[in-house]
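A.B. asks: got a predicted model here, sequence first, then my questions.
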Amino acid sequence: MRVLIVDDEVNIRSTMSRFFAIEGIDSDGAENGFSAQRMLGETPYDAVLVDLKMPGMDGIELIRWIRSEGFRMPVIMISAHGDISDAVSALKEGAQDYIVKPFDPEELCIRIKSLVESSNLRSIVENAKASEEENGSLVGESAPMMHIKEIIRKIAPSNATVLITGESGTGKEVVAREIHSWSAVKDGPFVAINIGGVPENLLESELFGYEKGAFTGAASRKNGMFELAGGGTLFLDEIGDMPLSLQVKILRVLQERKITRLGGTTPMPINARIIAATNKDLESMVREGTFREDLFYRLNVVRIEIPPLRERADDIPLLAASIISRYNRTMGTKITGFTPQALEMLKKHEFYGNVRELENILERTMIFADSDIIRVEDLDLRGSVSRPSTNHRHVDGADGGAVTLKDIEKSAIIRSLQRWEGNRTHAAQELGISRRTLISKIAEYGIQL
């Protein structure tokens, strides 16, 4: 916790700072309101103590500025004068408490901790509500999405393990949250972990937790994700990135419905529903020996394949409206929609980045839009890394004749290298060839980027 003390008396600032340090609270001091404005812009604070009488800018003015700038941390007014009108003014401008000098430092600490704890709890609740509003409803009325919604309604009441597959950015977590919201454990927690985002040496302890002393640095017991999701849903995102050494342990959990913390000896039952997701081809990984076949079948009880956005263009207007509504709230904009031409332009765009790419385009557009209607000239699709499709399109060479296989191969290599900004390793992986073969082809075709 970090507190900003705003008081023109240096002895007050130093005394309070020393006492806060004893209580384990970090603090900074500002001698006037102008200095406090600068410090609030540079450092995040959990609470602010503001003296009423200060030269230049008094405490009431500072509190008014703090709230006008959108800062939401608790503010406590401190004053040597116990005037009721001052207290009323401070509370009216956004202070949460008022305390008169001289005050008991211990009582002040209790008040600050209580206010910060209440503020943090309020933020958690508000964020949870916002997350439910944004992610709790699956947007789309195309035939593929209506089919997915029907599957969700059927499987949600059961405790069956679900595997969600689809390209990156298609909304796999949104589908997982939808399943949770319709399930019997909807009032329980929804706990998500991105397997690929956790270092391999930490993944096991994150999932299973550990006992005190299990390893160096384990100063106390920690509950793992399986326990935290008890009575709710555990979402294992990017399950295809799970190392083989850990796959067998996950398999045992799914079979026995029990876990053992690292350093522990007592198995504990778990009652979390498991939903996994991946953008990888797990069947191919099973054949290659990089993903366990038995774990695959345990996860693949119910399969939901999310189609890419380019295959459900009819959903783009609804998705765009939902995204615009969300960004209007967070950005303070008032975009009301599109011209027909702009909407048609979006529908024809090939979103290889899927819904995530659509969000990126709309956020950028809303920042620079000059009116409340998005026009064709407002849309900037040049930053897209979408691959041009050659499906159902006649391909001609430079002279108007048919292209050769070498022409197609050269073009594919150039596009892949452009997408990966010249990174040959990534381009080779995308093209399905070795890096050595790619380098040989670059030399053969005289490709220069």
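C.D. replies: Done, it's in.

A.B. asks: helix or strand: which one has the residue lying closest to E409 once chain neighbours are set aside?
C.D. replies: Distance criterion CB to CB, 6 or more residues apart in numbering; nearest residue to E409, sequence neighbours excluded, is K441 at 7.1 Å. The way it works is simple: take the backbone N, C-alpha and C, and place the C-beta from them, glycine included. Element membership for K441 (DSSP states H and E) is helix 435-445.

A.B. asks: do the same with M77
C.D. replies: Going by DSSP H and E, M77 is part of strand 75-79.

A.B. asks: who are the packing partners of that strand?
C.D. replies: Judged by 3 or more CB pairs under 8 Å, 6 or more residues apart in numbering; DSSP states H and E, strand 75-79 is in contact with strand 47-51, helix 59-68, helix 84-93, strand 97-100, helix 105-135.

A.B. asks: pull out the buried residues from the second one.
C.D. replies: The one in question is helix 59-68. Buried residues in helix 59-68, defined by neighbour count with 16 or more other CB atoms under 10 Å: G59, I60, L62, I63, R64, W65, I66.

A.B. asks: ok, now stretch 168-178?
C.D. replies: G169, T170, G171, K172, E173, V174, V175, A176, R177, E178.

A.B. asks: could you do stretch 188-203 as well?
C.D. replies: Using 16+ other CB under 10 Å as the test for burial, stretch 188-203 gives G188, P189, F190, V191, A192, I193, I195, V198, L203.

A.B. asks: re earlier: how far does the helix holding K441 sit from the chain's center?
C.D. replies: Chain-centre distance of helix 435-445: 38 Å, with CA atoms, centre = their mean, to the nearest Å.

A.B. asks: using PDB, write out the CA atom coordinates for that helix.
C.D. replies: Provided in PDB are the C-alpha atoms of helix 435-445 (Å, rounded to 0.1, in the frame of the first residue of the first chain):
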ATOM      1  CA  ARG A 435      14.600 -23.000 -42.000                       C
ATOM      2  CA  ARG A 436      17.400 -24.400 -44.100                       C
ATOM      3  CA  THR A 437      15.000 -25.100 -47.000                       C
ATOM      4  CA  LEU A 438      13.500 -21.500 -46.600                       C
ATOM      5  CA  ILE A 439      17.000 -20.000 -46.800                       C
ATOM      6  CA  SER A 440      17.700 -22.000 -49.900                       C
ATOM      7  CA  LYS A 441      14.500 -20.900 -51.600                       C
ATOM      8  CA  ILE A 442      15.200 -17.300 -50.700                       C
ATOM      9  CA  ALA A 443      18.500 -17.600 -52.500                       C
ATOM     10  CA  GLU A 444      17.000 -19.500 -55.400                       C
ATOM     11  CA  TYR A 445      14.300 -16.800 -56.100                       C
END
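
A.B. asks: so where is the stretch 101-250 of the chain shaky, pLDDT-wise?
C.D. replies: Within the stretch 101-250 of the chain, the stretches with pLDDT under 70 are 118-137.

A.B. asks: the residue nearest to E211 when sequence neighbours are not counted - how many residues pack around it?
C.D. replies: Using CB to CB, 6+ apart and skipping residues adjacent in sequence, the residue nearest E211 is G263, 3.9 Å away. Each residue near G263 was counted by other CB atoms under 10 Å, and the total is 16.

A.B. asks: separation between G263 and K222?
C.D. replies: 10 Å (CB to CB, to the nearest Å).

A.B. asks: phi, psi for Y45 please.
C.D. replies: The phi and psi values for Y45, taken as degrees, to the nearest 10, are phi -120, psi 150.

A.B. asks: next up, the contacts around it.
C.D. replies: With contacts defined as CB atoms under 8 Å, 6 or more residues apart in numbering, the neighbours of Y45 are R2, V3, L4, D28, M73.

A.B. asks: how about TSV for those residues, with distance to F103 and neighbour count added?
C.D. replies: What follows is the contacts of Y45, written out as TSV (distance: CB to CB, whole Å; neighbours: other CB atoms under 10 Å):
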residue	distance to F103	neighbour count
R2	20	15
V3	14	24
L4	17	22
D28	20	17
M73	20	19
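
A.B. asks: ok, which pair from those is furthest apart?
C.D. replies: D28 and M73 (13.3 Å; CB to CB).

A.B. asks: end-to-end on stretch 43-53?
C.D. replies: In stretch 43-53, first residue to last residue: 24 Å (CA to CA, to the nearest Å).

A.B. asks: any weak-confidence spans in the stretch 301-449 of the chain?
C.D. replies: Using pLDDT under 70, the flagged stretches of the stretch 301-449 of the chain are 382-403, 419, 421, 449.

A.B. asks: next, the angle helix 59-68 makes with the strand holding M77.
C.D. replies: 180 degrees (axes from the mean of the first three to the mean of the last three CA atoms, to 10 degrees).

A.B. asks: quick one: strands adjacent to strand 75-79?
C.D. replies: Applying DSSP bridges, strand 75-79 is found paired with strand 47-51 (parallel), strand 97-100 (parallel).

A.B. asks: output that strand as PDB, nothing but the C-alphas.
C.D. replies: The C-alpha trace of strand 75-79 is given here as PDB (Å, rounded to 0.1, in the frame of the first residue of the first chain):
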ATOM      1  CA  VAL A  75      -9.100  10.600   0.200                       C
ATOM      2  CA  ILE A  76      -9.000  11.700   3.800                       C
ATOM      3  CA  MET A  77      -9.200  15.400   4.800                       C
ATOM      4  CA  ILE A  78      -7.100  16.400   7.800                       C
ATOM      5  CA  SER A  79      -7.400  19.700   9.500                       C
END
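
A.B. asks: show me what counts as buried in it.
C.D. replies: For strand 75-79, burial by neighbour count (16+ other CB under 10 Å) applies to V75, I76, M77, I78, S79.

A.B. asks: returning to what we had before: now do the contacts for the residue nearest to E211.
C.D. replies: Counting by CB under 8 Å, 6+ apart, G263 touches Y210, E211, K212, G213, A214, F215, A218.
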